[in-house]
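A.B. asks: This is a predicted model, with the sequence first.
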Amino acid sequence: MKYTTLPNTDIKVSKICLGTMTWGEQNTEAEGHEQIEFALDKGVNFLDTAEMYAVPGRAETQGKTEEIIGTWFKKSGKREDVVLASKVVGPGEAMKHIRENLGFSKEAVTEALHKSLKRLQTDYIDLYQLHWPERNTNFFGKRGYERDEEEAWEENFQEVLETLSGFVKEGKIRQVGLSNETPYGVMRFLEESRKHNLPKMITVQNPYNLLNRKDEIGLTEVLHRENLGLFPYSPLGMGTLSGKHLDGIAKNSRLDLFPQYKRYSGEQAVKATRAYKEIAEKFNLNFAQMSLAFVNTRPFVSSNIIGATSIKQLEENIGSIDLELSEEVLEEINKVHETYPNPAP
């Protein structure tokens, strides 16, 4: 395994992060525990979860993923062996089953954090992330920003940081980060943290993969110059970049079970996927591992969030850390990207 240090901290994390959102929906508690043990044995020390998980978010499974991690902590006694990240949801009608007071008000974050700590059976979370912005912006499958004249959001970056600062001082949170965020949001949080001596957001968790490199357009310069790290999620485009859906959606896969997540299945995305798969075949590479290795080696990536529903998948995905892509492979990948730039939002 390879490791890095989270920006502006002394927290050492594996370059592969174990994503957990299927636990409690597609995976049982026993399978979740098995995945943690397997990943730890391979050198992974970083888990990412969220209060809304399992995915897709619904009342029957909300919080189940954190509960599964919590029972593993209790059973194993290995809380100190793991760097733990979780998230608090932003507003959204589909999330009303979680709490009435959604968003990042002091009351909402207080309730969310304490419920997460209870489910996780821990006294602290190493990295607490805002799952998506309160304001209207281009997240969850939207390529571009669309102006909303009816938007009710009022700027509250300072207030949010002050709330999080209180929990950092109490020791319930070590560091804070963002998710599904844009360059504007990142810079505003950084501005307020500097101006008022408040905790600095150290990471951004966004979708990033061969079919979605849009953050390279503006966000990665912010990450570089402000010393933040990126946590890519969906690095395989929900399995698309393993090639398993090229001849139709694979049976019992996430895209088969939950067709609302077919953002990587459009015509241009399929054409790009075929072209990337041809590169893997040309150089005798495992396609899924090539796709993950590309993400692993980007200089702005702190840790790549992988997920799997089976140990076989997990082993293959973790194994991508040992794959070094040649300059020739990278050149071919960039040629495809020039032909099909960001075909999936």
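C.D. replies: Great, that's in hand. Numbering: from 1, shown residues only.
A.B. asks: now the residue nearest to the spatial centre of the chain: how far from Asp247?
C.D. replies: Centrality entry for the chain: nearest residue to the mean C-alpha point is Tyr233, 3.7 Å, by Cα atoms, centre = their mean. According to Cβ to Cβ, to the nearest Å, Tyr233 and Asp247 sit 26 Å apart. Every C-beta, even on glycine, is put in place using the N, C-alpha and C of the backbone.
A.B. asks: now the helices: where do they sit in the protein?
C.D. replies: Listed in chain order, the helices of the chain (DSSP state H) span 29-41, 64-76, 106-120, 157-170, 183-196, 219-226, 254-257, 267-282, 287-296, 311-318, 327-339.
A.B. asks: okay, the ones you listed, which one's buried deepest?
C.D. replies: The highest mean neighbour count among these, using mean count of other Cβ atoms under 10 Å, belongs to helix 287-296: a mean of 24.
A.B. asks: Let me see the residues that make contact with that one.
C.D. replies: For helix 287-296, contacts defined as Cβ atoms under 8 Å, 6 or more residues apart in numbering pick out 2, 15-16, 208-210, 232, 235-237, 241-243, 276-277, 279-281, 283, 301, 304, 306, 316-317, 319-321, 323-325, 329-330, 333.
A.B. asks: Output the below-cut-off pLDDT ranges for the stretch 201-345 of the chain.
C.D. replies: Along the stretch 201-345 of the chain, the parts satisfying pLDDT under 70 run over 252, 256-257, 261.
A.B. asks: 80 instead, please
C.D. replies: 247-262 (pLDDT under 80).
A.B. asks: Spatially nearest residue to Lys115 (excluding sequence neighbours)?
C.D. replies: Once flanking residues are discounted, Lys115 sits nearest to Glu51: 6.8 Å by Cβ to Cβ, 6 or more residues apart in numbering.
A.B. asks: hang on, the one you found packs against Val109?
C.D. replies: No. The pair Glu51 / Val109 is not scored as a contact, 10.6 Å apart, by Cβ atoms under 8 Å.
A.B. asks: Find residues that contact each of those two.
C.D. replies: Joint contacts of Glu51 and Val109 (Cβ under 8 Å, 6+ apart) are Val88.
A.B. asks: can you tell me how far the residue nearest to the centre of the chain sits from Ala94?
C.D. replies: 18 Å.
A.B. asks: With Asp81 instead?
C.D. replies: Distance from Asp81 to Ala94, by Cβ to Cβ: 35 Å.
A.B. asks: Which residues does Val83 form beta bridges with?
C.D. replies: Assessed by DSSP bridges, Val83 has beta-bridge partners Phe46.
A.B. asks: Can you give me the pLDDT of it?
C.D. replies: Looking at Val83, its pLDDT reads 98.
A.B. asks: Please name the residues that touch it.
C.D. replies: When contacts are counted by Cβ under 8 Å, 6+ apart, Val83 touches Ile11, Lys12, Val13, Asn45, Phe46, Leu47, Asp126, Leu127.
A.B. asks: at 7 Å instead, please
C.D. replies: By Cβ atoms under 7 Å, 6 or more residues apart in numbering, the contact set of Val83 is Ile11, Val13, Asn45, Phe46, Asp126.
A.B. asks: Near the last one, how many residues? Count them for me, please.
C.D. replies: By other Cβ atoms under 10 Å, the residues close to Asp126 number 19.
A.B. asks: my guess is it contacts Lys172, does it?
C.D. replies: No. Using Cβ atoms under 7 Å, Asp126 is not in contact with Lys172, being 10.8 Å away.
A.B. asks: Hmm, Asn304 is touching Pro235, no?
C.D. replies: Yes. Between Asn304 and Pro235 there is a contact under Cβ under 7 Å: 5.4 Å.
A.B. asks: Tell me how far the residue lying closest to Lys75 once chain neighbours are set aside lies from Ser179.
C.D. replies: Excluding its sequence neighbours, the residue lying closest to Lys75 (Cβ to Cβ, 6+ apart) is His33, at 7.3 Å. Counting by Cβ to Cβ, the gap from His33 to Ser179 is 25 Å.
A.B. asks: do the same with Leu210
C.D. replies: 21 Å.
A.B. asks: what's near enough to touch Ile36?
C.D. replies: By Cβ under 7 Å, 6+ apart, the neighbours of Ile36 are Leu18, Trp72.
A.B. asks: what does Pro207 give?
C.D. replies: By Cβ under 7 Å, 6+ apart, the contact set of Pro207 is Tyr233, Ser234.
A.B. asks: in the sheet, who's paired with it?
C.D. replies: Here Pro207, judged by DSSP bridges, has bridge partners Tyr233.
A.B. asks: if we can go back for a sec, which one (most neighbours) among the contacts of Val83?
C.D. replies: Busiest of these [other Cβ under 10 Å] is Phe46, holding 28 neighbours.
A.B. asks: Surely that one touches Lys15?
C.D. replies: No. Between Phe46 and Lys15 there is no contact under Cβ under 7 Å: 8.8 Å.
A.B. asks: burial measure for the closest residue to Ser179 other than its chain neighbours, as a count.
C.D. replies: In space, and not counting its chain neighbours, Ser179 is closest to Gln205: 4.0 Å by Cβ to Cβ, 6+ apart. When neighbours are counted by other Cβ under 10 Å, Gln205 registers 27.
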